[in-house]
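Engineer: Using only what follows, build the 3D model:
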Amino acid sequence: MNTPANTPASHAMKLLLLSNSSAPGRTYLDHARDAIAAHLTGVDELLFVPYALADHDGYTAKVAAFMDELGIRVRGAHTADDPRTLVEAAQAVFIGGGNSFRLLKSLQERGLVEAVAARVRAGVPYMGSSAGTNMACPTLRTTNDMPIVQPASFASLGLVPFQINPHYLDPSPDSAHMGETREERLEQFLEENDVPVLGLREGTWLRRDGDTLTLDGVPSGARLFRAGAEPVEHTPGADLSELLATEPRFDSRTA
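Structural biologist: Sure, this is the predicted structure:
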């Protein structure tokens, strides 16, 4: 497991963790434009990590088009033979969404799990969306994605000590779907692991500034799950800093 997110080094961390990158009727990342601009204040060039999708060039170009409107240049991590050199020089890092299993496997193979985590703990701003938000957790175990590849382990960056479920969907009483709801799947996770899980609904995000963690975005907010307790609703503006003191306890058989 990576260095816990509540160590002294965590006081410098600046995180923006988006549930989603696209919203209905809006262009890419536009729903969070103001939050992104504030998070990247003073940044001239952003390092984008595109490994969650297969088309690295196309994905990087999409991010670059948005960031250009903020006056920020974008460099794709895939453009270097050893992307760790780009991480070491990065002013800020953005890991985009896609398939979390493919993303984590790619980060592991390139030595980027440790490299990115170290730079972010040193104070380099980190931004994640969807799978990139999953990567900020201790593990990817609360992703919604299909395991299309097998990473070496489930351990991810560990920038926060709790789990996140991006794109959280509430149960629909009118749905004909007969499989487990998202709530049921997270309850199953908590039968095996004792660590909070924050279900981030579409259009919401978390902002971490050192030891302060705040929920923001659309009014529907987020739903917090804990083992042995009823889920708790949180609305934008909620102070969730207590989650940063979490000591995650996972089933070690699947670390």
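Engineer: Low-confidence bits of the chain, can you list those?
Structural biologist: 1-10, 175-179, 251-255 (pLDDT under 70).
Engineer: Pick out the residue nearest the middle of it.
Structural biologist: Nearest to the centroid of the C-alpha atoms of the chain, with distances taken as C-alpha atoms, centre = their mean, sits T133, at 0.7 Å.
Engineer: Can you tell me, leaving aside adjacent residues, what's nearest to that residue?
Structural biologist: Leaving aside its sequence neighbours, T133 sits nearest to L17 (C-beta to C-beta, 6 or more residues apart in numbering; 4.3 Å). For glycine as for every other residue, the C-beta is placed from the backbone atoms N, C-alpha and C.
Engineer: contacting residues around the one you found?
Structural biologist: Going by C-beta atoms under 8 Å, 6 or more residues apart in numbering, L17 touches 127-128, 132-133, 136, 160, 164, 200, 205-208.
Engineer: Going by neighbour count, which of the residues you listed comes out on top?
Structural biologist: T133 (30 neighbours; other C-beta atoms under 10 Å).
Engineer: Phi first, then psi, for it.
Structural biologist: Here is the backbone geometry of T133 (degrees, to the nearest 10): phi -70, psi -40.
Engineer: cool, and the one 5 residues further on?
Structural biologist: Note on P138: its backbone torsions stand at phi -60, psi -40 [degrees, to the nearest 10].
Engineer: Isn't it up against L159?
Structural biologist: No. Contact criterion C-beta atoms under 8 Å: P138 and L159 do not qualify, at 9.0 Å.
Engineer: The residue nearest to the centre of the chain reaches S19, doesn't it?
Structural biologist: Yes. Using C-beta under 8 Å, T133 is in contact with S19, at 6.8 Å.
Engineer: in the sheet, who's paired with the residue nearest to T133?
Structural biologist: G128, L206 (DSSP bridges).
Engineer: Quickly note the distance from it to F225.
Structural biologist: 17 Å (C-beta to C-beta, to the nearest Å).
Engineer: Endpoint to endpoint, stretch 29-42 covers what distance?
Structural biologist: 19 Å (C-alpha to C-alpha, to the nearest Å).
Engineer: do stretch 188-204 as well
Structural biologist: With C-alpha to C-alpha as the measure, stretch 188-204 spans 24 Å from end to end.
Engineer: In it, which of the residues would be classed as buried?
Structural biologist: Buried residues in stretch 188-204, counted by 16 or more other C-beta atoms under 10 Å: 189-190, 193, 195-204.
Engineer: And the helices in the stretch 151-255 of the chain, which stretches?
Structural biologist: 182-192 (DSSP state H, counting those that start in this stretch).
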